[in-house]
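> Take this sequence and fold it.
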Amino acid sequence: MHCHRRWKTESGTKDRNGPKGASHSWYLTPFSRPEPRDRRHAAVIVMVLLILMLMSGLVAQFFRRAMADRRQTRNEIQHQQAIQLTMAAELLLNERLAADTDYKGETWDHPAGILHQTNTGSVVISVTDISTDDRIATLTARYPANADPPFKVTRIVRLSP
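This is a model prediction of the structure:
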């Protein structure tokens, strides 16, 4: 139920903008239905609020998807970096074996700032005993080594006698 303010003077009921200085007292008069213009304004406000809610949901979904894509891309880059480290370790292994046939392996650490500003990497090269005919080298790369858990790539290389 809606109410409309009117004021009462001695000469009768007038609108709110009555004469100055008139004695008046406020009272509320009920009326049954709002004007059509008020209904249109209310409908427009409701529609605008619904559209704003839908748009904010779409924007939130867009940002959530963008963050997930960014995380996935970063993970793929870090995995590829670990693969590249094992390939570099294989080249280093070939050089060391060409220089020294008794090469047993080493640990190769990359501090932050070499591969990335904050990420570190490590490669472990281990060669099985020389006395066996079937020598195997195991190359294990961890990148970023300072993350939990890092990407770990292991490559096994069969060495010919």
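> And the pLDDT at the most centrally placed residue in the chain?
Among the residues of the chain, the one closest to the centroid is residue 67, at 2.6 Å (C-alpha atoms, centre = their mean). Each residue has a pLDDT score; the one for residue 67 is 97.
> which element is it on?
Assessed by DSSP states H and E, residue 67 sits inside helix 36-99.
> mind listing what the helix or strand that that helix is followed by pairs with, with the direction of each?
As assigned by DSSP H and E, the chain's next helix or strand after helix 36-99 is strand 105-110. Sheet pairing of strand 105-110 (DSSP bridges) gives strand 121-127 (antiparallel).
> ok, and for the partner strand, which residues are buried?
121-125, 127 (16 or more other C-beta atoms under 10 Å). To be clear about C-beta, it is placed using only N, CA and C from the backbone, and glycine gets the same treatment.
> Which neighbours in the sheet does the helix or strand following that strand have, and how are they oriented?
Counting by DSSP H and E, the element after strand 121-127 in chain order, helix or strand, is strand 135-143. Using DSSP bridges, strand 135-143 pairs in its sheet with strand 121-127 (antiparallel), strand 151-159 (antiparallel).
> burial measure for residue 52, as a count.
10 (other C-beta atoms under 10 Å).
> Likewise for the one 4 residues further on?
Other residues within reach of residue 56, judged by other C-beta under 10 Å, total 10.
> Could you shift the numbering so residue one becomes 469, and keep it that way?
That works, and once the first residue is 469, the last one we named lands at residue 524.
> Contact partners for it?
For residue 524, the contact set (C-beta atoms under 8 Å, 6 or more residues apart in numbering) is empty.
> For it, give me the pLDDT.
pLDDT, residue 524: 97.
> on that earlier part again, I'd like the buried residues of strand 589-595 laid out as JSON lines, including distance to residue 627.
Below are the buried residues of strand 589-595 laid out as JSON lines (distance: C-beta to C-beta, whole Å):
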{"residue": "589", "distance to residue 627": "24"}
{"residue": "590", "distance to residue 627": "22"}
{"residue": "591", "distance to residue 627": "17"}
{"residue": "592", "distance to residue 627": "16"}
{"residue": "593", "distance to residue 627": "12"}
{"residue": "595", "distance to residue 627": "7"}
